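Trainee: whatever this is, show me its structure:
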Amino acid sequence: MLNRIVTLLYEKGYRPFREQDGSVLIRDAGDVIYVVALSTFRPDVTSQRYQDADARVVFNVSAQYHKTVKILNLVAVENGMFEEPAMQFVEQLDNVWFVAKDTGKIYVFENQPQQFDDLYTYIEQGIYRKRTSNTTFSPTPVNLTIVALNVLYFIAIVVINGSYSAIYDSDIMLRMGALNYESFISGKWYEIITSLFMHFGIGHLFNNMLLLVYAGCQLEKIIGKIPYFILYIASGICGNVVSLWYYHSIGEYAVSAGASGAIFGVIGALLVVLFINRTKTAETTPKRLLFLAFITIYYGMTTIGVDNAAHIGGFICGIIGGFLLSKVSQYGKLEEVS
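Mentor: The predicted structure is shown next:
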């Protein structure tokens, strides 16, 4: 990420202040010397060290050029999920922009300069062009492992029972771990998890895995492996709990299976994360996700046999999880420069 930013700064006319230190770039704009100091955020590096380093740079540049010097710290972070050390850091300095490595999004907090040599739009658009020019799919380990488990369990059910038709048989699916209220309360608690990896038919499996690959890999890139796994399982459990309650309340016997509740949780969380952080990726935008969610919900409402209760439960859980994971929401909204 920083290498790409250096290239963009070079194209705008920036050059290293000193050849031995390529992390400090300057541009002579006539009456003003603009200085950009590049670094990667580390919790163990204090804001005072940044202030001291800035003071030295400003002194040296002004001594050499005898002009007004303006300096900006452009600090790379892993993603837009800002922890307490990062928030304290930005509160103690007044010349910091964060840039997320995963999306290329620049974060400018309200106490920071909203413009600096017209770099905000220039850098963000330059990074976006680079990312969109690379259309290769970027898989993530946890999400693809979940996809693989779904596919393998689907194959195992067919092989164990000796017939493809087994995946359409409610009794067989129930024995293999599908979810049913009476079975669940009788002590088969594991059904609330195992049912998340079972599907009634190849079409059911394919549609769910397609949605999961599209949305899941994006969310895992943003929030990380462990939070993603926890959110996925939690959303699936919440969806199944709502499904159990709904079908029991209407007195309908139902055998449920599928990853839809968990997937809707992923979509809900990704929507919240993107909206709160006011960002997007080259593959995913809030509008695309909203459209995707609408189409999926519409399909569920108009198709017989779809467990919409699990969809709704998972989606709500995902939204709540998205808010909890988005640390930005705890400190107030970032202000985006237009």
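Trainee: would you enumerate the residues in contact with residue 154?
Mentor: For residue 154, the contacting residues are 167, 198, 199, 202, 205, by C-beta atoms under 8 Å, 6 or more residues apart in numbering. Yep, even glycine has a C-beta here, placed from its N, CA and C like the rest.
Trainee: and residue 162, by the same measure?
Mentor: So residue 162 contacts nothing (C-beta under 8 Å, 6+ apart).
Trainee: pick out the most distant pair among the contacts of residue 154.
Mentor: 198 and 202 (12.8 Å; C-beta to C-beta).
Trainee: more neighbours: which of these two?
Mentor: Set side by side, residue 198 and residue 202 show more neighbours around residue 198, with 25 against 12, by other C-beta atoms under 10 Å.
Trainee: isn't the more buried one right up against residue 153?
Mentor: Yes - between residue 198 and residue 153 a contact is recorded at 6.3 Å, counting by C-beta atoms under 8 Å.
Trainee: now stretch 104-114 - C-alpha only, CSV.
Mentor: Taking Å, rounded to 0.1, in the frame of the first residue of the first chain, the C-alpha atoms of stretch 104-114 are listed here in CSV:
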residue,chain,number,x,y,z
GLY,A,104,-7.2,1.9,0.2
LYS,A,105,-9.8,4.1,2.0
ILE,A,106,-8.4,7.3,3.6
TYR,A,107,-9.9,8.2,7.0
VAL,A,108,-9.9,11.8,8.0
PHE,A,109,-11.1,12.5,11.5
GLU,A,110,-12.9,15.8,12.4
ASN,A,111,-9.9,17.2,14.3
GLN,A,112,-7.6,16.7,11.4
PRO,A,113,-6.9,18.8,8.3
GLN,A,114,-9.6,18.1,5.8
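Trainee: can you list contacts of the helix or strand harbouring residue 319?
Mentor: In the assignment (DSSP states H and E), residue 319 maps to helix 308-325. With C-beta under 8 Å, 6+ apart as the test, helix 308-325 has contacts from 81, 223, 227, 231, 234-236, 238-243, 245-247, 256, 258, 260-273, 276, 293, 296-297, 300-301, 329.
Trainee: rerun that using 6 Å as the cut-off
Mentor: 223, 227, 231, 234-235, 238-239, 242-243, 246, 260-262, 264-265, 268-269, 272-273, 300, 329 (C-beta atoms under 6 Å, 6 or more residues apart in numbering).
Trainee: ok, now stretch 233-246?
Mentor: Against stretch 233-246 from outside (C-beta under 6 Å, 6+ apart): 179, 181, 192, 196, 256, 261-262, 265, 307, 309-310, 313-314, 317-318.
Trainee: make it 7 Å
Mentor: The contact list for stretch 233-246 (C-beta atoms under 7 Å, 6 or more residues apart in numbering) reads 179, 181, 184, 192, 195-196, 256, 259, 261-262, 264-266, 307, 309-314, 317-318, 321.
Trainee: buried ones in the longest helix seen in the chain?
Mentor: If you go by DSSP state H, the chain has its longest helix at helix 225-249. Neighbour-count burial for helix 225-249, counted by 16 or more other C-beta atoms under 10 Å, picks out 227-228, 231-244, 246-247.
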